[in-house]
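> Here's a sequence, model it:
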Amino acid sequence: MTTRIDARFAQLKREGRSAFVTFLMAGDPDYETSLAIIKALPKSGADVIEIGMPFTDPMADGPSIQAAGVRALRGGMTLKKTLELVRAFRKDDDATPLVLMGYYNPIYIYGVDKFLADAKSAGVDGLIIVDLPPEEDTELCVPALKAGLNFIRLATPTTDDKRLAAVLANTSGFVYYVSITGITGAAAADSSAVSQAVARIKRHTSLPVCVGFGIKTPQAARAIAEHADGAVVGTALVDALRASLDAEGQATAKTINAVAELAASLAQGVRGAQQAAE
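Numbering: from 1, shown residues only. Model (predicted):
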C-alpha cells in the first residue's frame, strides 16, 4: 500500500530534488490561526508537513517548541482537535503528506486502536513518536503499520550500526536523521558530517533520509538538501510565528504571512540544491 508520503518521495525522486519538510505545533497560538498557517504551507513550497501534538511534558523539545506546545494547550488544543485540524486541512488538499509528531502518552490515553482509526480517517499519513523505542514496537508501531500509516523513526549521531538495524526494522515513509545531539533548535548542523551520516544510514535502508535540527536559513537548508532526501525545519518557523504574536501571545494580522514567507524562502533554499546539482 502506497501512502501519500511514499508517493511524494517517489515524485521528488523523479524531479531530482529534496523534500522541504516543515514542522509546526497544532493549535499554536489558536486553532483557526494554526489551520490557516498549515493550509498556507504547501503554497509556500512545503512538500511534507509535520504537525506537533501538544503535550505537557515534551522532554525532547527545545524551548521554542515547548513554548509553542504551552500556547496551544492554553488555547484549548487537544489530540481530538489536532485530528479535526487534519480533517479540515484535507478538505482542500488531498495530496500533501501530513505526519503527526509527539509523545505516546496522549495517544495511550486516547486509546491506540481508536487513535489509529481516527487518524487514518482524518487523513494522517505517518507518525513520529519520539519516546517509543523499537523495543516497544508492539505498542503502536506495528498496529500503525497495519492501519496503513507510516511509522517514522529518528536516528541520531549516537545511533551505531547495530542499533540502526533495530531502529530501521519497522520504519517506513522516511528516516528522520537528527543531525545534532541534544534538544531541538540548539546548534547548527555540519553538512559534511551530515553527508557521511546519510551515506551510512543508506547502507542499511532504501528509505529516503530527511535531516532536521539546526536548519534556520535558506543557505543551511540548501547545504543539507545537497546531501539528504529532505531538510526538516521546525524551530525557525515556530520562532517566526512567536515573533509575530502580540504581548498576550495572541495572533496578529502578521502571523500567517510571517510563517508562510519564511517557509517560502527556506523552500527556495532546498530547491537551490537541485539547481546546484544540475
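> mean confidence score for stretch 98-113?
For stretch 98-113, mean pLDDT is 97.
> I would like the residues contacting it, please.
Under the contact criterion Cβ atoms under 8 Å, 6 or more residues apart in numbering, stretch 98-113 has outside partners 4-5, 23, 48-55, 57-58, 79-80, 82, 86, 89, 115, 118-119, 123-132, 139-140, 143, 150, 152, 173. To be clear about C-beta, it is placed using only N, CA and C from the backbone, and glycine gets the same treatment.
> Pull the helix or strand containing Arg14 out as CSV, backbone CA atoms only.
When elements are assigned from DSSP states H and E, Arg14 belongs to helix 4-15. Output in CSV follows, covering the C-alpha atoms of helix 4-15 (Å, rounded to 0.1, in the frame of the first residue of the first chain):
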residue,chain,number,x,y,z
ARG,A,4,1.0,10.0,0.4
ILE,A,5,4.5,10.0,1.9
ASP,A,6,5.7,7.2,-0.4
ALA,A,7,4.0,8.9,-3.4
ARG,A,8,5.5,12.3,-2.6
PHE,A,9,9.1,11.0,-2.2
ALA,A,10,8.7,9.0,-5.4
GLN,A,11,7.6,12.2,-7.2
LEU,A,12,10.5,14.2,-5.8
LYS,A,13,13.0,11.5,-6.9
ARG,A,14,11.6,11.7,-10.4
GLU,A,15,12.1,15.5,-10.2
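> Can you identify the element that follows that helix toward the C-terminus?
Sequence order places strand 19-25 as the next helix or strand after helix 4-15, per DSSP H and E.
> Which positions in the next helix or strand after that following strand come out as buried?
Once strand 19-25 ends, the next helix or strand along the chain (criterion: DSSP H and E) is helix 31-40. Under the neighbour-count criterion of 16 or more other Cβ atoms under 10 Å, helix 31-40 has 31, 33-35, 37-40 buried.
> wait, which of the residues you listed is closest to Val209?
Nearest to Val209 among the buried residues of helix 31-40 is Ile38, at 24.4 Å by Cβ to Cβ.
> surely that closest one meets Ile49?
Yes: assessed by Cβ atoms under 8 Å, Ile38 is found in contact with Ile49 at 6.2 Å.
> Would you mind listing the residues touching both of these two?
With Cβ under 8 Å, 6+ apart, Ile38 and Ile49 have common neighbours Leu24.
> And the helices in the stretch 51-200 of the chain?
Along the stretch 51-200 of the chain, counting by DSSP state H, counting those that start in this stretch, helices occupy 63-74, 79-90, 104-110, 112-122, 141-146, 161-168, 191-202.
> For those helices, which has the smallest mean pLDDT value?
When those are compared by mean pLDDT, helix 191-202 comes last with a mean of 90.
> what's the angle between it and helix 161-168?
Interaxial angle, helix 191-202 versus helix 161-168 (axes from the mean of the first three to the mean of the last three Cα atoms, to 10 degrees): 70 degrees.
> I'd like to know which elements helix 191-202 is packed against.
Judged by 3 or more Cβ pairs under 8 Å, 6 or more residues apart in numbering; DSSP states H and E, the packing partners of helix 191-202 are helix 161-168, strand 175-178, strand 209-212, helix 218-225.
> To Ser18, which of the ones you listed lies closest?
Across the helices and strands packed on helix 191-202, Ser18 has its closest neighbour in helix 218-225 (3.8 Å, Cβ to Cβ).
> ok now the next helix or strand after the closest one, how far from the chain's centre?
Heading C-terminal from helix 218-225, the first helix or strand you meet, by DSSP H and E, is strand 230-233. How far strand 230-233 lies from its chain's middle: 8 Å, per Cα atoms, centre = their mean, to the nearest Å.
> again with stretch 115-127
Distance, centroid of stretch 115-127 to centroid of chain: 15 Å (Cα atoms, centre = their mean).
> In ChimeraX, select just the buried ones from the contacts of stretch 98-113.
Here is the ChimeraX command that picks out the buried ones among the contacts of stretch 98-113, judged by 16+ other Cβ under 10 Å:
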select :4,5,23,48,49,50,51,52,53,54,55,58,79,82,86,89,115,118,119,123,124,125,126,127,128,129,130,132,139,140,143,150,152,173
